[in-house]
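Student: Let's see this in three dimensions:
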Amino acid sequence: MNRGQVYSVSGINRFIKDMFSNEYALSVVFVKGEISNCKYHSSGHIYFTLKDAASSLACVMFAGDRRGLQFKMSDGQEVIIGGTVNVYERDGRYQLYAKKITLAGDGALYEKYEQLKKKLEAKGYFDEKRKKPLPKYVKRVGIVTARTGAAIQDMIQISARRNPYVQLVLYPAKVQGEGAADTIVEGIRYLDKLGTDVIIVGRGGGSIEDLWAFNEEKTAAAIYECRTPVVSAVGHETDTTIADYVADLRAPTPSAAAELVVYDARTLLEQMYACKERMMRNLFDRIDAKRMQLQYLEKRLKACSPADQVLQKRQYAADMEERLVRSMERTLAESRYRLQLLAGKLDVLSPLKRLAGGFAYVSDPGGVMIDSVEKVNAGDAINIAFRDGAICAEVKEILSSEKIPLKGKAGT
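Tutor: I've put the predicted structure just below:
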């Protein structure tokens with residue numbers, strides 16, 4: 001924090017809380033002391049003070065953590081509390097948040113538990129990199145637990161409900177008392193040699209003494225050396241043993257272990273049916289696409305066929321022939337009509353028609369038309385053509401238009 005800077009009360013409390021939260025040594029602690037001012041709240045939380053001859057420490061156990069509590073707490077009891085030290089920011093005070101509480105008589109076992117935990121952690125027993133993944137679809141599951149008890153019954157029922165085709169192989173072992181760890185080790189090694197897909201090692205809840213077989217080094221070594229994936233399912237969710245740290249997977253309860261290991265056949269069948277429907281839909285879509293492509297190619301092939309080309313050209317030639325005939329007929333009709341018009345005009349201008357009307361055609365002996373008196377002289381020979389013949393004459397006299405006699409018809 002910067003010297004001289006003024007902070008709010010909330011800021012100071014938040015800073016101190018962050019210091020506690022970031023301190024690894026306070027994240028998991030075990031504290032021994034005497035209970036005083038113990039109060040069970042209506043919400044289910046337990047508030048109390050832990051004290052010794054010189055000091056006291058405020059403590060709280062929330063309702064969610066009480067399931068592992070094996071006794072009724074009261075003032076004057078000497079206990080060992082495992083939990084986390086942190087700051088309650090609103091009041092600016094630190095307290096111990098209890099996760100597990102046992103009577104002080106169990107203290108020696110907890111000390112032994114912590115020593116073995118540190119030893120095995122140093123050996124790499126807890127290394128996440130060495131842990132084996134569980135197979136997704138198991139056929140045979142080995143179980144190391146007591147022959148009788150709620151744990152095995154729960155696992156059988158859950159396995160039968162999820163997948164009745166999975167085989168369960170039970171190795172009956174002592175899970176409590178003298179020699180329990182030896183039978184657990186034997187069971188792990190036997191099922192490992194048998195070739196099961198996964199091994200569940202566990203039992204129901206109890207005190208630290210009841211669960212001690214799962215805290216022994218020989219049990220941890222058997223799990224560590226096992227080639228088959230091992231699931232630890234010891235006690236309740238709040239119980240934590242050495243076997244939980246060494247196992248490839250920790251299940252909070254034996255029932256949860258069966259849920260994790262045995263896949264749900266109904267879910268798998270539903271996934272398979274859904275996959276089948278997708279495959280069929282994709283297959284039919286591809287068939288339709290290929291059918292359309294085939295039809296397109298068939299049309300292209302038909303269009304490129306020599307027979308079709310000949311047929312198309314023949315049809316084109318027939319169409320062109322028909323168009324040509326119609327065009328020729330139309331052209332002939334138009335030409336015939338124009339010829340008739342020209343013939344009519346020609347008939348009107350025909351010299352023969354004029355000759356038939358009493359006129360004559362005058363030309364010189366060479367056949368050149370004489371259409372003016374200026375083109376002849378007296379004594380010239382001329383030809384005069386009529387409708388029915390012609391005469392040869394000689395010009396005797398040239399008269400002007402004023403002197404031409406107008407009596408009688410033309411040509412008289």
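Student: What is the neighbour count of T267?
Tutor: Close neighbours of T267, defined as other Cβ atoms under 10 Å, add up to 11. Glycine gets a C-beta too; all of them are placed from N, C-alpha and C.
Student: Surely it is within a strand?
Tutor: No. Counting by DSSP: H, G, I helix; E, B strand; the rest coil, T267 is located in no strand; its state is helix.
Student: What is the burial count for the closest residue in space to G33 that isn't next to it in sequence?
Tutor: Of all residues not flanking G33 in the chain, L50 sits nearest, at 3.9 Å (Cβ to Cβ, 6 or more residues apart in numbering). Counted by other Cβ under 10 Å, the residues lying close to L50 total 24.
Student: residues in contact with the one helix or strand L50 maps to?
Tutor: Remark: L50 resides in strand 46-51, with elements defined by DSSP states H and E. With Cβ atoms under 8 Å, 6 or more residues apart in numbering as the test, strand 46-51 has contacts from 31, 33-41, 56-61, 66, 73, 79, 81, 96, 98.
Student: Relative to the whole chain's centre, how far out is the helix or strand following it?
Tutor: Beyond strand 46-51 in the direction of the C-terminus, DSSP H and E gives the next helix or strand as strand 56-61. On the basis of Cα atoms, centre = their mean, to the nearest Å, strand 56-61 sits 52 Å off its chain's mean C-alpha point.
Student: Which residues belonging to strand 56-61 are considered buried?
Tutor: Neighbour-count burial for strand 56-61, with 16 or more other Cβ atoms under 10 Å as criterion, is recorded at L57, C59, V60, M61.
Student: I143 contacts T196, correct?
Tutor: No. Under the criterion of Cβ atoms under 8 Å, I143 makes no contact with T196, lying 9.0 Å away.
Student: These two: which is more packed in?
Tutor: Ranked by neighbour count (other Cβ under 10 Å), I143 and T196 place I143 first, with 29 against 22.
Student: Just the buried residues of the helix or strand harbouring that one, please?
Tutor: The secondary structure element spanning I143 is strand 140-145 (assigned by DSSP H and E). By neighbour count with 16+ other Cβ under 10 Å, strand 140-145 contains the buried residues V141, G142, I143, V144, T145.
Student: And these, which is closest to D192?
Tutor: Among the buried residues of strand 140-145, G142 lies closest to D192 (Cβ to Cβ), at 8.0 Å.
Student: So which residues of the stretch 1-150 of the chain form strands?
Tutor: In order along the chain, the stretch 1-150 of the chain carries the following strands (DSSP state E, counting those that start in this stretch): 29-40, 46-51, 56-61, 78-88, 93-103, 140-145.
Student: The first one vs strand 56-61, what angle?
Tutor: Interaxial angle, strand 29-40 versus strand 56-61 (axes from the mean of the first three to the mean of the last three Cα atoms, to 10 degrees): 70 degrees.
Student: what ranges do the helices span in the stretch 151-300 of the chain?
Tutor: Using DSSP state H, counting those that start in this stretch, the helices of the stretch 151-300 of the chain run over residues 180-194, 217-225, 242-246, 254-261, 265-304.
Student: The fourth one versus strand 140-145: what angle between them?
Tutor: What that stands for is helix 254-261. For helix 254-261 against strand 140-145, the angle by the same axes, to 10 degrees is 160 degrees.
Student: average pLDDT for helix 254-261?
Tutor: Model confidence over helix 254-261 averages 93 on the pLDDT scale.
Student: which residues are contacting it?
Tutor: By Cβ under 8 Å, 6+ apart, the surrounding residues in contact with helix 254-261 are 134, 138, 141, 145, 151-152, 154-155, 158-159, 162, 198, 200, 202-204, 231, 233, 249, 251.
Student: From those, keep the buried residues only.
Tutor: By the neighbour-count criterion of 16+ other Cβ under 10 Å, those include these buried positions: 138, 141, 145, 151-152, 154-155, 158-159, 162, 198, 200, 202-204, 231, 233, 249, 251.
Student: follow-up on the earlier one: next, the buried residues of the strand holding L50.
Tutor: By neighbour count, and taking 16+ other Cβ under 10 Å as the criterion, the buried residues in strand 46-51 are I46, F48, T49, L50.
Student: From those, pick the one nearest K290.
Tutor: Within the set of those, I46 lies nearest K290; the separation is 71.8 Å, counting by Cβ to Cβ.
Student: any idea how far the closest one is from S36?
Tutor: 13 Å (Cβ to Cβ, to the nearest Å).
Student: Name the nearest residue to V185, sequence neighbours excluded.
Tutor: Skipping the residues right next to it in sequence, V185 comes nearest to A222 by Cβ to Cβ, 6+ apart, at 4.3 Å.
Student: Please work out how many residues are found near that neighbour.
Tutor: 24.
Student: cool, the one 5 residues further on as well?
Tutor: R227 has 9 neighbouring residues, counting by other Cβ under 10 Å.
Student: tell me the contacts of Q176?
Tutor: Applying Cβ under 8 Å, 6+ apart as the definition, the contact partners of Q176 turn out to be R203, G206, D210, L211, A213.
Student: By pLDDT, rank those residues and give me the bottom one.
Tutor: Comparing pLDDT over those, the lowest reading goes to G206, 77.
Student: In contact with that residue, which residues are there?
Tutor: Contact analysis of G206 by Cβ under 8 Å, 6+ apart lists Q70, Q176, G235, D239.
Student: Weed out the non-buried ones from those.
Tutor: The neighbour-count test (16+ other Cβ under 10 Å) marks Q176, G235, D239 as buried among the contacts of G206.
Student: would you list the residues you listed in CSV and tack on distance to A318?
Tutor: Output for those, formatted as CSV (distance: Cβ to Cβ, whole Å):
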residue, distance to A318
Q176, 106
G235, 98
D239, 99
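Student: ok, so what distance separates the nearest residue to G204 once chain neighbours are set aside from E259?
Tutor: Spatial nearest neighbour of G204, excluding adjacent residues (Cβ to Cβ, 6+ apart): A151 at 4.9 Å. A151 is 14 Å from E259, where distance means Cβ to Cβ.
Student: Of the buried ones among the contacts of G206, just say which sits nearest to N13.
Tutor: Looking at those and their distance to N13, the nearest is D239, at 34.0 Å (Cβ to Cβ).
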